[in-house]
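Peer 1: could you look at this predicted model? Sequence included:
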Amino acid sequence: TCCHHSSSFNKTKKNQRSVKGGEETATAAAEHAEAMLKLMQELSDNKNNGVVDEDDDAFVVHPSHYSYDAVIRAWGRSHHPDASDRAMNILTDMIERYNNYYSSSSTSPHDSNSGDDVIQQAPPPPFSKLRTFTRVLQSLANSRSVDAPDKAESILENMEEYARRANPRFGGSGGYNDYNIHDDERDSYNTDDDDNNDVRPSVYNYNAVLSGFMKAHCRSPEERYQLCIRIDELIAKMERLAEVGGEGSRVRPDHTSRGTAISAWAQCANLFRERRKKENHGRRSGDSSKEDRKWAASCAERACDHLLVAVEEWKRWGGSKTNNTNNGPRLPNIHTFNDVINAYGCALQPEQASEVFQLASDLQPTIQPDYISYVSLIDAFVDCASINVNAASRAEALLMEMVRKYSEEGTASVKPNRQAYNSVLAGWGRSSDPNSADRAHDLLTRLVDDYEKDLQQGENKAIRPNTTSFAHVMSKLSKLDGESTEKMEELPWKRCTRFDVLVLLPETIKL
């Protein structure tokens, strides 16, 4: 046993060192890349200022937008605390160098004469491409810092301002000089083989900002709630732009936009649930617990609103149960449905969670409820077992449906395990149903029977019962008057110890 634990510990430490080593390598690579970019900038400046011999072509190493993109991408892969700031600084430096080049009275893009004997100046510094902004936005989102959302939204506003000034369709005069893209570079800028040759924000840029809002660190559930509000406001803005049509359609919210909003609201609901659980340990007042439940309910409703809009848009654009590859909006995946189910569970609203589960079931085979769908709905009913006399029975019915689908239909995605059984056993332990003790006893017996049968056949070993399985039943039986001892003796202890399921005997378990 000691050797086993030592081996596991060493393996864990090795994995931790591997992850840490990977992070250090990524940071070191980003630092080396940035140093190389600065060297290229220095050599380019020396060539421009005549410091280097004009005839020496060895020093013609002018950085292009690919050079800047590579360094920004390197910082995006790093987990250094300042990685996003370093990426933003590179973007800022890129734009400043471009603006300074054309604002300088002594600088000309090209010599007015032509001929072999004329000295050509270095090419103008590149202006930021769309993907450059996108990678900085992604880096900010991955930083999870408190101020990342504000920085990301500021970058997005700057992109929109650049687009309005440069394009008459966005309210500008149509001249690239309006935001310092020089006329002499206009042709090369427009004919670049990179499709992202302007900085009009697309849905991918907006989604990167939405991701930053969702991932940002918050000190309280209320702060998270306010960030979720800002996510809804940004999506509403995307919808307004899409309604205008034309170029605005490029920012129409897609399944990723809706999925990000739903995940954010589900996370917020979970934060309120976790804080509400502390009230059960006497840390907060009952009134505060009720308020947290209301907050969680609000989060669940907002998450469900996004889901319903996404489903309706998919149907309106011709989506069908057998085809999710149309050119219009895509149907959210089952993970998105699971987030909404979980959010309603956090708000102690199992009926609403059941409706979302049924919606996913109605969309089969495009969407199929999986193990997480069932367990999330089971947990939603279990959490309400103490206040809803039918909740534990509903939870067990879902578990039996999982068993049937797996054993009879061979649906591997809903394969039940010990956690699912233990959740239902916990529900019977909390239930006020007069038959709850017998139902818990019968379910535990079935669990042991199924495990013994599967063990002999070499099938589903994931339903192996443990001491927690027995503890839920024993806790319920201990509340019976005069029958607890007899009922506990009827539990299948010996069968479990024979199959090495339990390492503790009944008398060693503390109720």
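Peer 2: Structure received.
Peer 1: only C-alpha atoms from now on, for both contacts and neighbour counts.
Peer 2: OK.
Peer 1: assign residue 266 to helix, strand or coil.
Peer 2: Under the three-state scheme (DSSP: H, G, I helix; E, B strand; the rest coil), residue 266 adopts helix.
Peer 1: what separation do you get for it and residue 317?
Peer 2: 27 Å (C-alpha to C-alpha, to the nearest Å).
Peer 1: who has more neighbours, those two?
Peer 2: residue 266 (29 against 13; other C-alpha atoms under 10 Å).
Peer 1: list the residues that contact the residue nearest to that one when sequence neighbours are not counted.
Peer 2: Distances taken as C-alpha to C-alpha, 6 or more residues apart in numbering put residue 343 closest to residue 266, at 4.9 Å, once the chain neighbours are dropped. Shown in contact with residue 343 (C-alpha atoms under 8 Å, 6 or more residues apart in numbering): 265, 266, 267, 269, 270, 296, 297, 299, 300, 303, 353.
Peer 1: please apply the same query to residue 269.
Peer 2: Contacts of residue 269 by C-alpha under 8 Å, 6+ apart are 295, 296, 297, 299, 300, 343, 346, 347.
Peer 1: just residue 238 next, same as before
Peer 2: Neighbour list for residue 238: 251, 252, 253 [criterion: C-alpha under 8 Å, 6+ apart].
Peer 1: closest to residue 229 out of the residues you listed?
Peer 2: The shortest gap between residue 229 and any of the contacts of residue 238 belongs to residue 253, at 16.0 Å (C-alpha to C-alpha).
Peer 1: torsion angles phi and psi at that closest one?
Peer 2: phi -60, psi 130 (degrees, to the nearest 10).
Peer 1: burial of it, as a residue count?
Peer 2: Residue 253: 24 neighbours (other C-alpha under 10 Å).
Peer 1: any idea how far residue 262 is from it?
Peer 2: In terms of C-alpha to C-alpha, residue 253 sits 13 Å off from residue 262.
Peer 1: give me the common contacts of these two.
Peer 2: Joint contacts of residue 253 and residue 262 (C-alpha under 8 Å, 6+ apart) do not exist.
Peer 1: who does the helix or strand where residue 69 lies touch, helix- and strand-wise?
Peer 2: Assessed by DSSP states H and E, residue 69 sits inside helix 65-77. If you count contacts as 3 or more C-alpha pairs under 8 Å, 6 or more residues apart in numbering; DSSP states H and E, helix 65-77 packs onto helix 2-48, helix 83-103, helix 130-143.
Peer 1: buried set for it?
Peer 2: Neighbour-count burial for helix 65-77, counted by 16 or more other C-alpha atoms under 10 Å, picks out 67, 68, 69, 70, 71, 72, 73, 74, 75, 76, 77.
Peer 1: take those and lay them out in a markdown table including pLDDT.
Peer 2: Converted to a markdown table, the buried residues of helix 65-77 look like this (pLDDT from 0 to 100):
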| residue | pLDDT |
| --- | --- |
| 67 | 89 |
| 68 | 89 |
| 69 | 88 |
| 70 | 89 |
| 71 | 90 |
| 72 | 89 |
| 73 | 89 |
| 74 | 89 |
| 75 | 88 |
| 76 | 85 |
| 77 | 85 |
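Peer 1: re the thing from before, in TSV: the contacts of residue 269, plus distance to residue 276.
Peer 2: Output for these, formatted as TSV (distance: C-alpha to C-alpha, whole Å):
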residue	distance to residue 276
295	10
296	10
297	13
299	14
300	15
343	14
346	9
347	10
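Peer 1: which ones are touching residue 413?
Peer 2: Per C-alpha under 8 Å, 6+ apart, neighbours of residue 413: 370, 371.
Peer 1: please apply the same query to residue 391.
Peer 2: Shown in contact with residue 391 (C-alpha under 8 Å, 6+ apart): 381, 382, 384, 385, 427, 431.
Peer 1: mind doing that once more with 10 Å?
Peer 2: 350-351, 378-385, 397, 424, 427-428, 430-433 (C-alpha atoms under 10 Å, 6 or more residues apart in numbering).
Peer 1: what pLDDT is listed against it?
Peer 2: Residue 391 is assigned a predicted lDDT (pLDDT) of 95.
Peer 1: now it: how far from residue 224?
Peer 2: Note on residue 391: its distance to residue 224, by C-alpha to C-alpha, is 30 Å.
Peer 1: low-scoring pLDDT stretches of this structure, where are they?
Peer 2: 1-23, 47-60, 104-123, 165-197, 245-248, 279-288, 319-328, 458-460, 481-511 (pLDDT under 70).
Peer 1: just the CA trace of stretch 128-147, in PDB.
Peer 2: Taking Å, rounded to 0.1, in the frame of the first residue of the first chain, the C-alpha atoms of stretch 128-147 are listed here in PDB:
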ATOM      1  CA  SER A 128      -2.600  45.400 -37.500                       C
ATOM      2  CA  LYS A 129      -4.600  42.800 -39.300                       C
ATOM      3  CA  LEU A 130      -7.900  41.500 -38.100                       C
ATOM      4  CA  ARG A 131      -6.300  38.300 -36.800                       C
ATOM      5  CA  THR A 132      -3.800  40.400 -34.800                       C
ATOM      6  CA  PHE A 133      -6.600  42.000 -32.800                       C
ATOM      7  CA  THR A 134      -8.300  38.600 -32.500                       C
ATOM      8  CA  ARG A 135      -5.300  37.000 -30.900                       C
ATOM      9  CA  VAL A 136      -4.800  39.800 -28.400                       C
ATOM     10  CA  LEU A 137      -8.500  39.500 -27.500                       C
ATOM     11  CA  GLN A 138      -8.000  35.700 -27.000                       C
ATOM     12  CA  SER A 139      -5.000  36.300 -24.900                       C
ATOM     13  CA  LEU A 140      -6.900  38.700 -22.700                       C
ATOM     14  CA  ALA A 141      -9.700  36.100 -22.300                       C
ATOM     15  CA  ASN A 142      -7.300  33.400 -21.300                       C
ATOM     16  CA  SER A 143      -5.700  35.700 -18.700                       C
ATOM     17  CA  ARG A 144      -8.800  35.500 -16.500                       C
ATOM     18  CA  SER A 145      -7.800  38.800 -14.900                       C
ATOM     19  CA  VAL A 146     -10.300  41.200 -13.300                       C
ATOM     20  CA  ASP A 147      -9.600  44.000 -15.800                       C
END
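Peer 1: any idea how far it is from the chain center?
Peer 2: 16 Å (C-alpha atoms, centre = their mean, to the nearest Å).
Peer 1: residue 243: how many residues sit nearby?
Peer 2: Applying other C-alpha under 10 Å, I find that residue 243 has 12 neighbouring residues.
Peer 1: shouldn't it be in contact with residue 253?
Peer 2: No. Taking C-alpha atoms under 10 Å as the definition, residue 243 is not a contact partner of residue 253, at 11.0 Å.
Peer 1: which neighbours do the two share?
Peer 2: Jointly contacting residue 243 and residue 253 under the rule C-alpha under 10 Å, 6+ apart are residue 237.
Peer 1: quick revisit: put the buried members of the contacts of residue 391 into a ChimeraX selection.
Peer 2: Selection of buried members from the contacts of residue 391 for ChimeraX, criterion 16+ other C-alpha under 10 Å:
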select :350,351,378,379,380,381,382,383,384,385,424,427,428,430,431,432,433
